[in-house]
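Participant: Next one to model:
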Amino acid sequence: MNKAKVKRQKAKEEECGASRLRGKGMRPARRFLLPFAFLLLPSRMHGLAHVCVCALVFLSWSLPWGLSERARVPAAARMSEDETDAALQRAAQSALGGREGTVLVLDAQTGRVRAVVNPRVAFEEATPPGSAIKPFTMLTALRAGTLDEESRSFCRGHYEHEGFRVTCSHPRYKTAFGPAQALANSCNYFFARTAEALDGDLYARTLRGFGFGAQTRGGGDSESAGQLPRATPGVPEMLGDSEQLRVTPAQLATAYAALFNGGRLLVPQRSAP
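Facilitator: So this is what the prediction gives:
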């Protein structure tokens, strides 16, 4: 094999490195935006006067072998980190428009705030989280062993117990939900039944472990710490449908980032205005 052919073969192998590693069960380095929309809509129960859109979690990680999609972009076409932040800020402002609320873009590996619209709302306003808290309810159940990947439950469309009632808005299915399907459909019935079997104190410890009930330390002295239930949490708190549990958009962003980065709770790093 001549030298030119060897050189072409080597270049082809480097270009196809991600495919070879995927074949060995490894994921290639990726850098992408994972959109997570936390919507607090006006409701009779909570009396919210605004819509709060928050927590676009910016995920960025790379594997040791070092081949990244960014590395394959010609140097002249690459944007600097500051240019990327500026573009994200413009996109966030455009997405929110004139609505009252916030958009927060966080790098889940470093804690860098890539963009934030209405930082006061992001760091200082605490409201009931609604279904955004469900991943932490499920995590508590998985840790406690009251739920596993084989668990199944048919959704009955609504849940009612001791004066608390909640309905499901997802389409009706003829098959039972497992944890993944229940989370994807935000099934209130599944999560309420899961919550019934949970120890409330264990749930509260999970929330504290992900930073709820404490300042993120990224919003200054006026940042809200939110509120954890004073009494042992019950089903309403585990579904995020209680005034006793209040969180800020920034707390949600850092907690979700910890879910994706292996459990590291980061302090949001905001650049000087």
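Participant: Surely residue 213 forms part of a strand?
Facilitator: No: assigned with DSSP: H, G, I helix; E, B strand; the rest coil, residue 213 falls outside any strand and is coil.
Participant: Tell me if residue 159 really is in a helix.
Facilitator: No: with three-state DSSP as the criterion, residue 159 is located in strand rather than a helix.
Participant: Chain neighbours aside, what residue packs nearest to it?
Facilitator: residue 192 (4.0 Å; CB to CB, 6 or more residues apart in numbering). The C-beta positions use only the backbone N, C-alpha and C, and glycine is treated the same way.
Participant: and residue 84, what does it touch?
Facilitator: Going by CB atoms under 8 Å, 6 or more residues apart in numbering, residue 84 touches residue 114.
Participant: What confidence value was assigned to it?
Facilitator: Confidence at residue 84, expressed as pLDDT, is 90.
Participant: Buried residues, whichever strand or helix holds it. List them.
Facilitator: Per DSSP states H and E, residue 84 falls inside helix 81-96. Residues of helix 81-96 classed as buried: 85, 88, 89, 91, 92, 96 (neighbour count, 16 or more other CB atoms under 10 Å).
Participant: Stretch 110-130 now?
Facilitator: Buried residues in stretch 110-130, defined by neighbour count with 16+ other CB under 10 Å: 111-119, 121-130.
Participant: Count residues in the vicinity of the residue nearest to residue 133 when sequence neighbours are not counted, would you?
Facilitator: Among residues not flanking residue 133 along the chain, residue 240 sits closest, at 3.8 Å (CB to CB, 6+ apart). Residue 240 sits with 21 neighbouring residues when counted by other CB atoms under 10 Å.
Participant: all strands for the chain, in order.
Facilitator: Here the chain has its strands, by DSSP state E, at 30-40, 52-61, 103-107, 113-117, 158-161, 164-167.
Participant: show me where this structure has helices.
Facilitator: Using DSSP state H, the helices found in the chain span residues 3-15, 17-23, 81-96, 119-124, 134-144, 179-184, 188-196, 200-209, 235-238, 249-260.
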